[in-house]
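Q: Build me a model from this:
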Amino acid sequence: MKKIVYIVCMLMLLCSCNNRTVYTDFHSLPVGGWHQDSVLSYSISEADSSSVYEVLLLLRHTDTYGYQNLWLFVDEYVDSVLIHQDTIEAMLADEYGRWLGSGRHRYELPLLYDDSYYFSSSHTHTFRIRQGMRTDCLQGITEVGMIIQYKDGQE
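A: Prediction:
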């Protein structure tokens with residue numbers, strides 16, 4: 001128990017020291033799986049359009065995930081207007097089946113979405129993410145998060 005409290009305290013300390021992060025949000029997925037029609041939505045409303053940001057996706061999965069990769073469809077909206085669509089392939093395991101993320105039985109893998117992102121305006125930006133695998137209900141993905149932080153040297 002003391003070890004868990006120590007780890008939680010260290011994580012809180014590390015997170016509080018990072019003044020680069022301007023947005024963090026995670027969505028937990030149902031135990032039954034991530035359905036193809038289930039959309040995860042991340043909205044940021046007060047972004048500085050004169051700064052440069054890094055946008056990261058954080059994927060969490062168990063060792064029961066049945067594939068080497070994960071396809072994601074990412075749509076970006078300003079207010080309610082679609083301004084950009086993207087398809088991303090995230091490699092979760094190497095060619096030998098070893099998980100690339102950190103952890104044991106539960107893995108966490110950061111994925112750099114954009115390393116020089118500019119918000120086009122100060123309006124609300126919303127990213128909507130769907131899984132793009134060829135299965136209706138994807139098992140083993142437990143959480144998907146988005147982290148937006150100032151690019152190095154821009155705090």
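Q: Quickly find the element holding the spatially most central residue of the chain.
A: Residue closest to the average C-alpha location in the chain (CA atoms, centre = their mean): Leu57, at 2.3 Å. Leu57 is part of strand 53-62, with elements assigned from DSSP states H and E.
Q: residues in contact with the residue nearest to the centre of the chain?
A: Leu72, Ile88, Ala90, Pro110, Leu111, Tyr113, Ile129, Val144, Gly145, Met146, Ile147 (CB atoms under 8 Å, 6 or more residues apart in numbering). Every C-beta, even on glycine, is put in place using the N, C-alpha and C of the backbone.
Q: Now the element after the helix or strand bottoming out on mean pLDDT in the chain, going C-ward?
A: Among the helices and strands of the chain, helix 2-17 carries the lowest confidence by mean pLDDT, DSSP states H and E, at a mean of 44. As assigned by DSSP H and E, the chain's next helix or strand after helix 2-17 is strand 21-28.
Q: Show me the contact partners of that following strand.
A: In contact with strand 21-28 (CB under 8 Å, 6+ apart) are residues 15, 40, 42, 44, 47, 53, 58, 142-150.
Q: who does it pair up with?
A: strand 141-150 (antiparallel) (DSSP bridges).
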